[in-house]
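1. task: produce atomic coordinates for the following.
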Amino acid sequence: MIGYYGWYKMKKILIVDDDPIQLFTLKELFKEFGSEYEATFVDNGKKCLEFLENNPNPDLILLDIMMPEMDGWEVLEKIRQNSIWNDISVVFLTAINWDETEKYDRLCVSDHIEKPYDNNDFKKRIDIVLKKK
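-> Numbers count the residues shown, from 1 in each chain. The predicted structure is shown next:
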């Protein structure tokens, strides 16, 4: 469903994280944000790719890095290799110390948010990425 909030289109966000507690927390957080976003939640990389194959592109993907079977880097690689998906903004949502992966940030993703995160900062960061689109 594509909705509208006031005069602008709701922003579609796909959240990919294998941790059920993290997904629950993010669902509650997006409820607090109100109708500004249309958020969809999946719990692994394969479901992320299936969603992309069967739905219109989201405006943003929040992507966990450390997931079993297919980690965030593998998912990102498949997204960037597909000409239909490669312009989707991706933000890594990760518990990894970002100093270890910062060099990849500039090449592949729009931003990164380290877990645990401050809810207000989280919203500001995703809004910045969405405004750049």
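2. can you pull the buried residues of stretch 30-40?
-> For stretch 30-40, burial by neighbour count (16 or more other Cβ atoms under 10 Å) applies to Phe30, Glu36, Tyr37, Glu38, Ala39, Thr40. Just so you know, the C-beta spots here come from the backbone N, C-alpha and C atoms, and that holds for glycine as well.
3. could you work out the most separated pair of the residues you listed?
-> Distance extremes for the buried residues of stretch 30-40: the farthest pair is Glu36 and Thr40 at 14.7 Å, using Cβ to Cβ.
4. hang on, the earlier thing: in a markdown table: the buried residues of stretch 30-40, plus distance to Lys11.
-> Converted to a markdown table, the buried residues of stretch 30-40 look like this (distance: Cβ to Cβ, whole Å):
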| residue | distance to Lys11 |
| --- | --- |
| Phe30 | 11 |
| Glu36 | 7 |
| Tyr37 | 5 |
| Glu38 | 7 |
| Ala39 | 9 |
| Thr40 | 12 |
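5. and which of the residues you listed is nearest to Ser89?
-> Ser89 lies nearest to Tyr37 out of the buried residues of stretch 30-40, by Cβ to Cβ, at 13.3 Å.
6. quick one: the strands in this structure?
-> 4-5, 8-9, 11-16, 37-42, 60-64, 89-94, 111-114 (DSSP state E).
7. for this structure, which spans come out with low pLDDT?
-> 1-8, 97-107 (pLDDT under 70).
8. what about Asp121, how many residues close to it?
-> With neighbours defined by other Cβ atoms under 10 Å, the count for Asp121 comes to 10.
9. which residues touch the closest residue in space to it that isn't next to it in sequence?
-> Excluding its sequence neighbours, the residue lying closest to Asp121 (Cβ to Cβ, 6 or more residues apart in numbering) is Ile113, at 7.9 Å. Going by Cβ atoms under 8 Å, 6 or more residues apart in numbering, Ile113 touches Leu62, Val91, Phe92, Leu93, Thr94, Asp121, Phe122, Arg125, Ile126.
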